[in-house]
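A.B. asks: Turn this into a structure:
(chains A and B)
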There are 2 protein chains.
Amino acid sequence: MSTNRQILVAELPQGRLEERHFRLHEAAVPEPADGEVLCRTLELSIDAAMRAGLQGSASYAGKPTTDIVMGGGGIARIEASRHSNWKEGDLVSCRPGWQDYAALPGDDLRRITPLGPLSWELGILGGTGMTAYFGLFDVGRPEPGETVLVSAAGGAVGSVVGQLAKIHGCRAVGTTGSDNKCAKLQSELGFDAAVNYKSDDFRDELKGATPDGVDVYFDNTGGHVLGSALFRANQRGRIVCCGVVSQYDTSSPEGGPRGVPGLLVNKRLRMEGFLVFDYVDRYEEARRQLADWIEAGKLNVLEDRFDGLESAPRALVDLLAGGNLGKRSVHVAD
Amino acid sequence: MSTNRQILVAELPQGRLEERHFRLHEAAVPEPADGEVLCRTLELSIDAAMRAGLQGSASYAGKPTTDIVMGGGGIARIEASRHSNWKEGDLVSCRPGWQDYAALPGDDLRRITPLGPLSWELGILGGTGMTAYFGLFDVGRPEPGETVLVSAAGGAVGSVVGQLAKIHGCRAVGTTGSDNKCAKLQSELGFDAAVNYKSDDFRDELKGATPDGVDVYFDNTGGHVLGSALFRANQRGRIVCCGVVSQYDTSSPEGGPRGVPGLLVNKRLRMEGFLVFDYVDRYEEARRQLADWIEAGKLNVLEDRFDGLESAPRALVDLLAGGNLGKRSVHVAD
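C.D. replies: Numbers count the residues shown, from 1 in each chain, chains lettered A, B, ... in the order given. Have a look, this model is predicted:
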């Protein structure tokens, strides 16, 4: 193949993201410079936080612009190398963006030795699993017997957090956006309870689902679910700030929850944000532990895959509308 | 003396607290029951958080009612004891409320061996100093060279936090409500900079006062100062949630700051509330350290005292309007 299909950001979204904000472009396959490698994209990760990168506001991804390849992480195979660490055929975790080929600095890659299907390296054994594992255990620090609440519990990270909480001996409660997903969280992933955040009686239902309060709240959403969770928090509760998906698909994020900072003082709460990249030195420890739990049948892998690079815009737009259950990814090439 | 002057809560405030919300009452001096002691109030502490106790919303002090003695902490001398730990003449830290005499359970008292003037036991060597010491060092954990920002910096806690930050080798910056207090924070307490939060250019002035950003923000106020501090926070910044004085003197507290939880994720911030009572086992360690620093001339003691039990309502109302510089207390008896 000598052309490089690319999906460009055609227009920055003002309200909700739509497929028309992207366009397909064909370019030449790039030549790696000295110190670079040529990556063939195999799998692309689709994450809600990618929407935040298209907002004008502060984001760890920096300010967005148009007519550039949509950014994104994935798994790639090295096709040509001008970096001494890498050779043709190596599998790597990298940020190729939404395109078939990318020339990337050899220093920015992480080697992958798959412990299962390649798509797991994006999900349960990749960024998703790492986020759930370190966010829950290192930031949230639940004790067995405590109640762990997680929002976006049907999502890639949330569905793992709830299962890890159960493995750790905690009560696992999730919030999600449909009754159907609530049922699946309980029947397929072993959550003790699940609550639909769109319900008119959400606050009461959340109270019913957390009779002993909430010790650790793993927050993927912000917004009114965070506000409600703060009111259910127990003394010395911990709020793991992982993502703000309720505020991504808009240009006018809402204000913060009413209980901040008053409830933090009265209940001695700790609210802490983290970025998973900070734990890269411990990824192997987490990967082996997660793989063991999968092997032992304690951890279910929920995948939600799209096929073909051209499906990436649809995969992201639908994800932001709550269409996924488990880790969403796009299969680009074998 | 056979009468017990008491100041009662006559009416719960709806908006700002006023002196008319209190009334003077004369009762008999109480008889201590078995296990109780009779306390003679000597000094009363006047704290902004006392206003929160008069709000209907959740507070660690519980729901308020009228026609009861206004609650409050202070220093007392034991006049009669029916508890084996205590004898006449002992000095204690306790919660006598706004009255001359109180019969209190002997188990609820903390013995005081003064390291200086008795009023210090309420301020720099009492709850105020303990709050500043443990909040800054244990919750905020600043490193020498870092920038510490503190709100309500002219207040009892804030004025100590800034000085402790300087002793620890940090850059100390305060926010307060008048240009006059800003000047005094710098000239009398050694703050590196101080900003008037009522200024129209507050955000720009705060930016100018924190050229290297903010590593630890000690929050006594909440509100827009907290919001601005979050935007100035550096990566891995810490926000010590100590009080919410901006929201006390009202019945309709405002929403939380816009940057929560988004900025917590992007900047990996930790925001943590605490209650000083949790550190009671370490009070002596802190008291001795603070007394040493006073002795060495490194720590200035700023007191702002009123005289006479009847002045307590005015002392609190004025404090809430920002009238104090340093620790406010009421001298009741010798």
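A.B. asks: make it CA atoms for all contacts and neighbour counts henceforth
C.D. replies: Will do.
A.B. asks: Show the end-to-end separation of stretch A:64-79, please.
C.D. replies: With Cα to Cα, to the nearest Å as the measure, the first residue of stretch A:64-79 is 29 Å from its last.
A.B. asks: residues in contact with it?
C.D. replies: When contacts are defined by Cα atoms under 8 Å, 6 or more residues apart in numbering or on different chains, stretch A:64-79 is touched by residues A:6-12, A:37-46, A:50, A:53-56, A:86-99, A:118, A:121-122.
A.B. asks: what is the mean pLDDT for it?
C.D. replies: Per-residue pLDDT values across stretch A:64-79 average out to 92.
A.B. asks: How far does that stretch sit from its chain's centre?
C.D. replies: Relative to its parent chain, stretch A:64-79 has a centroid offset of 17 Å by Cα atoms, centre = their mean, to the nearest Å.
A.B. asks: One more: stretch A:135-150?
C.D. replies: How far stretch A:135-150 lies from its chain's middle: 18 Å, per Cα atoms, centre = their mean.
A.B. asks: gap between the two ends of it?
C.D. replies: Counting by Cα to Cα, you get 11 Å between the two ends of stretch A:135-150.
A.B. asks: what do you get for stretch A:313-330?
C.D. replies: Distances were taken as Cα to Cα; on that basis the terminal residues of stretch A:313-330 are 10 Å apart.
A.B. asks: again with stretch A:275-285
C.D. replies: Using Cα to Cα, the gap from the first to the last residue of stretch A:275-285 comes to 17 Å.
A.B. asks: repeat for stretch A:169-179
C.D. replies: The straight-line separation of the ends of stretch A:169-179 (Cα to Cα) is 25 Å.
A.B. asks: Same check on stretch A:91-107?
C.D. replies: 14 Å.
A.B. asks: May I see the buried residues of that stretch?
C.D. replies: Across stretch A:91-107, burial judged by 16 or more other Cα atoms under 10 Å in any protein chain shown covers A:91-106.
A.B. asks: and chain B, which of these reach it?
C.D. replies: Intersecting those with the surroundings of chain B, defined as Cα under 8 Å from any Cα of the partner chain, gives nothing.
A.B. asks: Of those, which belong to strands?
C.D. replies: A:91, A:92, A:93, A:94, A:101, A:102, A:103, A:104, A:105 (DSSP state E).
A.B. asks: Looking at those, spot the one nearest chain B.
C.D. replies: Proximity of those to chain B, judged by Cα to the nearest Cα, is greatest for residue A:94, which lies at 20.3 Å.
A.B. asks: about what we covered before: just the ones in strands from the contacts of stretch A:64-79, please.
C.D. replies: Counting by DSSP E, the members of the contacts of stretch A:64-79 that fall within strands are A:6-9, A:37-45, A:91-94.
A.B. asks: next helix or strand past the helix or strand of chain A with the lowest mean pLDDT?
C.D. replies: Taking all helices and strands of chain A together, the one with the lowest average confidence (mean pLDDT, DSSP states H and E) is helix A:49-52, at a mean of 87. Sequence-wise, the next helix or strand downstream of helix A:49-52 (DSSP states H and E) is strand A:74-81.
A.B. asks: what angle do that following strand and strand A:101-105 make?
C.D. replies: Angular relation of strand A:74-81 and strand A:101-105 on a 0 to 180 degree scale: 80 degrees, by axes from the mean of the first three to the mean of the last three Cα atoms, to 10 degrees.
A.B. asks: how far is strand A:74-81 from where the chain is centred?
C.D. replies: The answer for strand A:74-81 is 22 Å, by Cα atoms, centre = their mean.
A.B. asks: Work out the sheet partners of it and label each with its direction, please.
C.D. replies: For strand A:74-81, sheet partners with direction are given as strand A:36-45 (antiparallel), strand A:91-94 (antiparallel), following DSSP bridges.
A.B. asks: still on that earlier bit, spatially, which two of the buried residues of stretch A:91-107 are the most separated?
C.D. replies: Between all members of these, the longest pairwise span (Cα to Cα) is found for A:98 and A:106 and amounts to 18.7 Å.
A.B. asks: What's the local residue count around residue A:14?
C.D. replies: Neighbourhood size, residue A:14 [other Cα atoms under 10 Å in any protein chain shown]: 13.
A.B. asks: How about the one 3 residues further on?
C.D. replies: Residues lying near residue A:17 (other Cα under 10 Å) number 22.
A.B. asks: Check it and give its pLDDT.
C.D. replies: Residue A:17 carries a pLDDT score of 94 in this model.
A.B. asks: And for the helix or strand hosting residue A:148, what's in contact with it?
C.D. replies: The secondary structure element spanning residue A:148 is strand A:147-150 (assigned by DSSP H and E). If you take Cα under 8 Å, 6+ apart as the criterion, strand A:147-150 is touched by A:142, A:158, A:161-162, A:165, A:170-175, A:210, A:212-220.
A.B. asks: Looking at the residues you listed, which are in helices?
C.D. replies: Mapping those onto helices (DSSP state H) picks out A:158, A:161, A:162, A:165.
A.B. asks: of all the residues in the stretch 151-300 of chain A, which ones are close to chain B?
C.D. replies: Contact residues, the stretch 151-300 of chain A versus chain B (Cα under 8 Å from any Cα): A:222, A:241-244, A:254-262, A:264-275.
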